[in-house]
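Trainee: how does the following fold in three dimensions:
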Amino acid sequence: MAAALLGTFVMTLDALIVNVALPGIGRGLSGGMTGLQWVVDGYTLMFAALLLSAGSVTDTVGARRAFGAGLGVFVAASAICGLAPNLQVLIAARLVQGAGAAVIMPASLALIRQAYPDSVRRARAISIWAMSASVGASAGPVAGGLLSQVSWRMIFFVNLPVGLAALLLLARTARSPRRSAPFDWIGQIAAVVAMGALTYGAIEAGASGFGEPHVVAAFGLAVLAVPVFLAAQARGAHPMVPPALLRSRTMGVAAAAGFAINVGFYGMIFLFSLYLQQSRGLSALTTGLSFVPMTTTAAFISPVSAKFAEKYGRRVPVVTGLLVMASGLGILSLSPASAPTWTLIVLMIPVGGGGSLALPSVTTMLLDRVPAERAGTASGVLNASRQLGGALAIAVFGALVTDTEGFHDGLRHSLLIAALLVLLATAASLLLRPQHNVDAASGRTP
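Mentor: Okay, the predicted model is just below:
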C-alpha cells in the first residue's frame, strides 16, 4: 500500500508541478506555446497511449514486477528532464516519463486490489490511494512555485528521492500473481496507435489548424486503428481487453466519468496556471499557492468518499461529485475579467472537491466488478480515458487561448466546454444501478 501511494503521489506531483513552471521553462529553453504544450502533452500522450497495454501487461507479468519497472523508467527519465540542454531533449524525456507512468498507474491499483480482497476495505484503501493523488496535487503547484525560484530543473529532480523510496518499499513486498496468456500484439499496437494518433492530432490541430495534412493524417490513422482494435478484441483468442469488459455498462460509465473529470480538473489547472501569470501578473510561487485551497479540500474529501458510499451507495457520491464539479466550472466560466483573484481561488474549490468525491467511488465500483487477475486491465481502461481527457483538454484549451488578446474569452469558452462534458458524464452515471458494496469474488462485469 505504501509503495502504491508513493508511486501515485510522485506521478500526480510531476503532472501539476510542471504546469506552474511552464513560463520559466519557456524562458530558459526559448520555447513557444506549442513547445510548452508538448512538455505537458508529451507526457500525457504517452501516458494515455500506453495505459491499455500497460494494464494488460500488469496482469500478465504481475503487479509487483510491472510497478517496479515503470517506476524505474519514470525516475531515470526524471533525471534526464532535469539535465535537458534544450526543449527537444526535455520533450523526449517527458515522453519516456509518460511511458513509465503508464505502467505505474494500473499496477498501483492492481497491488491494492490484490492486497484487499474484501470490497469494504478495498473501497477505503482506494480512497486513501485517491487522497495520495490529491496530496500530490496540493503539493505540486506550491512545490513548482518554490522550486522555480531556484531553477525549473529542480521540479524534476524532486521525483528521484520519492521514486527511490517507493522502489525500496516494493522490494519488501510479496510477489504478485500472474495471468498466463499469449501477448495480443494486434490489439496492443492498435490501441497505442489509436490513442496516440488522436491525441497528437488534437495537439497539432490547435497549433497548425485542422486542415493541415499531418493533422488530417493523424485523425485518419486514429479512425482506422479503432475498428482494428475492436475486431482484435472480439475475434482474438486472448484479447488484451475482454469483450465482456468493453460491453460493461459500469466500464462505459466509469470511462466517461474519468474522461470528464480530467478534462475539468487538469484543463482548469493548465488554463489558470497561464492566466494568473500572464494576465494577472502573479509570480510562479503565488500561482502555485492559489491552487492550494482547491487541492487541499480535494485531499480531505477523498477519504470521505468511501464513508459516503458505504452509507448511500456508490452511485450517490459519483453523481453528487460530478454535479458539484460541473457547477464550479460553469460559475468560473461566467466570472468577469474584473473578478478579484481571491474570488477565482474560491470558485476553483468545487472543481477539485467534486472530482475528488466522485473518482474514488468510480474506481471502486469498477474494481468491484472484475476479478483480481483483471484488475490491471480494468484500471488501464479507466485511466486511459482519464489521461486522454487531460491531454485533449490541454490541446484544445491551449488552442482556444493562444491569442493572448482574447485569452479571457478563450478561458471562458474552455471552462464552459469542460462543464458541459462533466454534465454529460453526470447524466451517464444515472444509468448505474444504485447499490451498496458488492462481492467482487464472482468476477462479473455487468
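Trainee: so which bits of stretch 292-301 are buried?
Mentor: V292, P293, M294, T295, T296, T297, A298, A299, I301 (16 or more other Cβ atoms under 10 Å). C-beta: built from backbone N, CA, C; applies to glycine.
Trainee: avg pLDDT for it?
Mentor: Across stretch 292-301, pLDDT averages out at 84.
Trainee: next one: stretch 306-313
Mentor: Regarding stretch 306-313, the rounded mean pLDDT is 79.
Trainee: can you map out the strands along the stretch 201-350 of the chain?
Mentor: In the stretch 201-350 of the chain, no segments count as strands under DSSP state E, counting those that start in this stretch.
Trainee: helices of the stretch 151-300 of the chain, residue ranges please.
Mentor: 154-157, 159-170, 185-208, 213-235, 243-247, 249-278, 284-290, 292-312 (DSSP state H, counting those that start in this stretch).
Trainee: gap between the third one and the chain center?
Mentor: To tie it back to what came earlier, the one meant is helix 185-208. Mean-position distance between helix 185-208 and its chain equals 17 Å (Cα atoms, centre = their mean, to the nearest Å).
Trainee: one step back: tell me the most buried of the helices of the stretch 151-300 of the chain?
Mentor: With neighbours taken as mean count of other Cβ atoms under 10 Å, the helices of the stretch 151-300 of the chain reach their highest mean count in helix 249-278, at a mean of 24.
Trainee: run through the neighbouring helices and strands of that one.
Mentor: helix 2-29, helix 284-290, helix 315-333, helix 341-368, helix 375-400, helix 407-429 (3 or more Cβ pairs under 8 Å, 6 or more residues apart in numbering; DSSP states H and E).
Trainee: give the closest residue to A218 in space, chain neighbours not counted.
Mentor: G201 (3.4 Å; Cβ to Cβ, 6 or more residues apart in numbering).
Trainee: ok, the one you found - contacts?
Mentor: Going by Cβ atoms under 8 Å, 6 or more residues apart in numbering, G201 touches V215, A218, F219, A222.
Trainee: surely the last one is in contact with A194?
Mentor: So the one you mean is A222. Yes - contact criterion Cβ atoms under 8 Å: A222 and A194 qualify, at 5.1 Å.
Trainee: residues near L421, how many?
Mentor: L421: 22 surrounding residues under other Cβ atoms under 10 Å.
Trainee: how close does it get to V135?
Mentor: Distance, L421 to V135, using Cβ to Cβ, to the nearest Å: 26 Å.
Trainee: now Q188: how far from L221?
Mentor: 16 Å.
Trainee: same check, this time on P117
Mentor: 41 Å.
Trainee: my guess is S385 contacts I261, does it?
Mentor: No - using Cβ under 8 Å, S385 is not in contact with I261; the gap is 9.7 Å.
Trainee: rewinding a little: out of the buried residues of stretch 292-301, which comes closest to I17?
Mentor: Using Cβ to Cβ, T295 comes nearest to I17 of those, at 11.8 Å.
Trainee: right, and the closest one touches A143 too?
Mentor: No - checked against Cβ under 8 Å, the pair T295 and A143 is beyond contact range at 11.4 Å.
Trainee: returning to what we had before: just put the buried residues of stretch 292-301 in JSON lines and tack on distance to V362.
Mentor: Listed next are the buried residues of stretch 292-301 as JSON lines, based on distance: Cβ to Cβ, whole Å:
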{"residue": "V292", "distance to V362": "25"}
{"residue": "P293", "distance to V362": "24"}
{"residue": "M294", "distance to V362": "19"}
{"residue": "T295", "distance to V362": "19"}
{"residue": "T296", "distance to V362": "22"}
{"residue": "T297", "distance to V362": "19"}
{"residue": "A298", "distance to V362": "15"}
{"residue": "A299", "distance to V362": "18"}
{"residue": "I301", "distance to V362": "14"}
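Trainee: how far away is the closest residue to L282 other than its chain neighbours from A254?
Mentor: Nearest-residue entry for L282: L276, 4.5 Å, with adjacent residues in sequence omitted and distances by Cβ to Cβ, 6+ apart. For L276, the distance to A254 equals 32 Å [Cβ to Cβ].
Trainee: for the residue lying closest to P350 once chain neighbours are set aside, grab the count of nearby residues.
Mentor: Distance criterion Cβ to Cβ, 6+ apart; nearest residue to P350, sequence neighbours excluded, is G328 at 3.1 Å. G328: 27 surrounding residues under other Cβ under 10 Å.
Trainee: equivalent analysis for F183, please.
Mentor: For F183, the count of nearby residues is 13 (other Cβ under 10 Å).
Trainee: what's the helix or strand for the closest residue to it other than its chain neighbours?
Mentor: Closest residue in space to F183, ignoring its immediate chain neighbours: T60 at 7.3 Å, by Cβ to Cβ, 6+ apart. In the assignment (DSSP states H and E), T60 maps to helix 33-61.
Trainee: in the very next helix or strand once past that helix, what counts as buried?
Mentor: Downstream of helix 33-61, the first helix or strand assigned by DSSP H and E is helix 63-83. Residues of helix 63-83 classed as buried: 63-78, 80-82 (neighbour count, 16+ other Cβ under 10 Å).
Trainee: next SSE after helix 63-83?
Mentor: Once the chain leaves helix 63-83, the next helix or strand it forms, by DSSP H and E, is helix 87-115.
Trainee: packing partners of that following helix?
Mentor: Partner elements for helix 87-115 (3+ Cβ pairs under 8 Å, 6+ apart): helix 2-29, helix 33-61, helix 63-83, helix 119-150, helix 341-368, helix 375-400.
Trainee: ok, which of these comes nearest R172?
Mentor: Closest approach to R172 among those is made by helix 2-29 (8.6 Å; Cβ to Cβ).
Trainee: wait, A254 touches L366, no?
Mentor: Yes - taking contacts as Cβ under 8 Å, A254 lies within contact range of L366: 4.6 Å.
Trainee: show me what contacts M348?
Mentor: With the criterion set at Cβ under 8 Å, 6+ apart, M348 makes contact with M268, F272, S290, F291, P293, M294, G328, L332.
Trainee: thank you, goodbye.
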